[in-house]
Each structure stands twice: as structure tokens, then as C-alpha cells.
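# Got a predicted model here, sequence first, then my questions.
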Amino acid sequence: MNKDKKVLYSGMQATGNLTLGNYLGALKNWLTLGDEFDCFYMIADLHSLTVRQNPAEFRKRARQLFMIYIAAGLDPEKNCIYFQHMVPQHAELAWMLNCFTYMGELNRMTQFKDKSQKHADNINAGLFTYPVLMASDILLFQSDLVPVGIDQKQHLEITRDIAERVNSIYGDVFTVPEGYYPKVGAKIMSLQDPTKKMSKSDENVNASIYLMDDADTVVRKLKRAVTDSEGVIAYRPEQPGVNNLIDIYSACTGKTPEEALKDFEGQGYGQLKTGVAEAVNSILVPLQTRVKELEQDKTYIDSIIKNNAEKAQYYANKTVRKLQKKVGLIEMPR
Ligand code: TYM
């Protein structure tokens, strides 16, 4: 790729309901970082196949995720927002990179271990090679920066290792990407068990705030959020529940945790929870209104889905051809 600007790349899976963790750990940072980069934002629908999906539900969620990206403020004319499966080069590169990835490396992935435990009846090969597909996503676009939550760090590291391995054999094939993890919000915790990550797949709906939760639900879930018996609003690891609420408030308002503490000086947990709910709703309410508007405009959405997929294919193809040539695959005669 002829790069005028550096490339920013990220993506999300369209499985389950998107949570506030996804927004604060990833999407929000895409918005603030985006200006300086050429940006690619992908909907990781092939990754989602590692877990059985209900097809009708899956289609609906994937399309909604596309609209959430736009509703959050990503301009689809300036940024390339696309569905992974519409760019077949992801799977092509993933195959080649499988041949440069060791079983031992994949065995060490904590997400594989966690997901195998959760889905013991379906430990498929896709779950095992998931990080290789993710490496392909990132390397396909010669990405420089990948803003993600802290749970993706191990995947970023294996991506860098694979890129460096290929480069050391064939010369300069891939840009070696850097991860970007926000100072506040890189790991939003469950509202019901603040020692656990807030997760789309949590069975307890009160543990997560979903991006499409209405304002009253947000208030109710935050009222029920687990805190502690200390009764003091502080920002310290010994109070993980309160810590998490301060993190959410800070990430939503753009304030530092210290500034957040000042806002709640002399107040109790009830007031903290109300303040956090207001900060969350000030983001979610306009986001949901915009999603609903976009849902009405099928023709427009369809046209950008197509244009952006073609744009992504164009860049992706260059990288695939480059590696094919390097490894010695014969070019198809024109
Ligand atoms: P996924 O879909 O699980 O999550 C999407 C993004 O949200 C972040 N995140 C969180 N951040 C803070 N607190 C939380 N509780 C929280 N939960 C999730 C994740 O770190 C992520 O940034 N494998 C990826 C999707 C992917 C991808 C990629 C990402 C596929 N290819 C290429 C970047 C680049 C995943 O499952 O994310």
C-alpha cells in the first residue's frame, strides 16, 4: 500500500449485545484517534462463526453493529467500514499465516483456553486459529496502530510475532503494528462482579450495560451495581466496584479519575451511581437515536456496505499478492 498516512485498524465481533465496555475500551478511542490516520473498521463476522450463531439473529446484529459504528460518529465516506467476510483476502492470508504460526503459540492463548471451557461441546479448529485470522485482519492493511481493550493484548502480540517472523524470512512484507490501550476504560468490569470483565456473553443481563439499553434500564442496572461496605468514594484496587464506576464516569466524560473523585466529594454511593448513569445516558441516548434513523435508510446503508467492501478488497489484495509472490506461488496468467 502506498501510504500517505499511517493506518489505524480495529474491529469487533457481532456476537451478543454490544456493551459499554466495547464502546469505552475501543469504539470511543477510534473516534478520537481517527483524524491522523487512514482508518479501517471491520465487523469480525468470520470470527463470530467460531461459536454457533442463530443465522437470523446474527444477520440482524451484524447489520446493527455496522450502524452503531456510524452512529457513534465514524464517517463511512472517510473511513473504510466493512464486513470481514466480504473481503475474501482475510481467509486467504489467514491460510498462509497459519503456516507461519506454531501450535505452541496458539496453545498459550488465554482466550482459547477460556472459550474452550465455555463451549466444551464445540472446541473447533477455528477457535484455535482465531488469533491467526485476527493477525491477517491487521496485517492485510499494513496497519500501524490497533486500538483495542486490554483483553486483546495477547492477540496483538502474536500478530507482531507473526509479522516479524515473515519479515525475517522474506524481507519487508508487513508493517509491524502497535497496540493502543486507553488509559481509562481499557477494561470495564462487570457491574455484578467487579473482578470480572464486562462481557457480551455474560448470562446475567444486570452485569453489563448494553449499548441499546434504554435510559431507565441504565439507571436501574447502575443502582444495582455491586459496591462495598466502605461507604467512601475512592479510586483504589481494594474497592473494585467503586473503582469501576469511577472508570466508567471518567471514560464517558473525558475527565481523569482524580477529577471524577472531586465531582463526587462528600457524596455517597447513591449519588455516584446517579452521576454515572447520567454520564452513560448522555452517550447512549443520542447514539440510539442515530441508529434508529440509519435503520430507516436501507438504500444508503447498502451502498456504503458495497463501496467500502470494494475499497477494502483493493488494499487487501495488494498484501495478499505481495506475500504470494514472496513465498513463490505462481501468478495467474492475465
Ligand atoms: P470483541 O468483539 O470481544 O471486543 C471488541 C472491542 O471491545 C474491547 N472490549 C473491552 N474493552 C474494555 N472493557 C471491556 N469490558 C471490554 N470488552 C471488550 C475489546 O478489547 C475489543 O477492542 N478479537 C476481537 C475482534 C477483532 C479485532 C480484529 C480487533 C477481530 N479482528 C483486528 C482488532 C483488530 C474481539 O473479539 O473483540
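Cool, got the structure.

# Please count neighbours and contacts with C-alpha atoms only from this point.
Noted.

# For the protein, what lies in contact range of the ligand?
Residues of the chain lying close to the ligand by CA under 6 Å from any ligand atom are 10-13, 21-22, 25-26, 44, 134, 137-138, 148-152, 185-189, 197-199.

# Please produce a PyMOL select command covering the buried subset of these.
Selection of buried members from the residues of the chain next to the ligand for PyMOL, criterion 16 or more other CA atoms under 10 Å:
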select buried, resi 10+11+12+13+21+22+25+26+44+134+137+138+148+149+150+152+185+186+187+188+189+197+198+199
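
# Out of the residues of the chain next to the ligand, list just those in strands.
Using DSSP state E, the subset of those located in strands is 10-12.

# What are the boundaries of the strands in the chain?
Going by DSSP E, the chain shows strands at 6-12, 37-43, 80-83, 145-147, 178-180.

# Redo the ones in strands among the residues of the chain next to the ligand as CSV? Include pLDDT.
Output for those, formatted as CSV (pLDDT from 0 to 100):
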residue, pLDDT
S10, 98
G11, 98
M12, 97
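
# of the residues you listed, closest to M212?
M12 (16.0 Å; CA to CA).

# Show the contacting residues for the closest one.
Counting by CA atoms under 8 Å, 6 or more residues apart in numbering, M12 makes contact with 42-44.

# shaky segments in the chain?
Of all residues in the chain, those with pLDDT under 70 make up the ranges 1-2.

# ok, 80 please
Within the chain, the ranges that satisfy pLDDT under 80 run 1-3, 16.

# all helices of it, in order?
Here the chain has its helices, by DSSP state H, at 20-22, 28-33, 45-48, 55-71, 89-98, 103-107, 110-118, 125-140, 153-170, 215-223, 240-253, 257-263, 269-295, 298-327.

# helices or strands up against the longest one?
Under the contact definition 3 or more CA pairs under 8 Å, 6 or more residues apart in numbering; DSSP states H and E, helix 298-327 sits against strand 80-83, helix 89-98, helix 125-140.

# Reformat the ones in strands among the residues of the chain next to the ligand as CSV; add distance to N98.
Rendered in CSV, the data for those read as follows (distance: CA to CA, whole Å):
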residue, distance to N98
S10, 21
G11, 20
M12, 21
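
# ok, now how distant is D297 from E310?
According to CA to CA, to the nearest Å, D297 stands 21 Å off from E310.

# quick one, phi/psi of the closest residue in space to Q142 that isn't next to it in sequence?
Excluding its sequence neighbours, the residue lying closest to Q142 (CA to CA, 6 or more residues apart in numbering) is T175, at 5.0 Å. Dihedral angles of T175 (phi, psi; degrees, to the nearest 10) stand at phi -70, psi 130.

# For T175, give me its contacts.
Taking CA under 8 Å, 6+ apart as the criterion, T175 is in contact with 139, 142-144, 163.

# check contacts around V184.
V184 sits next to 247, 250-251, 256 when contact means CA under 8 Å, 6+ apart.

# let's see it at 10 Å
Contacts for V184 were tallied using CA atoms under 10 Å, 6 or more residues apart in numbering; they are 24-25, 244, 246-252, 254-257.

# got a winner among those residues for most neighbours?
Among these, the one with the most neighbours (other CA atoms under 10 Å) is I246, at 29 neighbours.

# show me what contacts that residue?
Counting by CA under 10 Å, 6+ apart, I246 makes contact with 184-185, 233-235, 240, 252, 255-261, 264, 272-273, 275-276.
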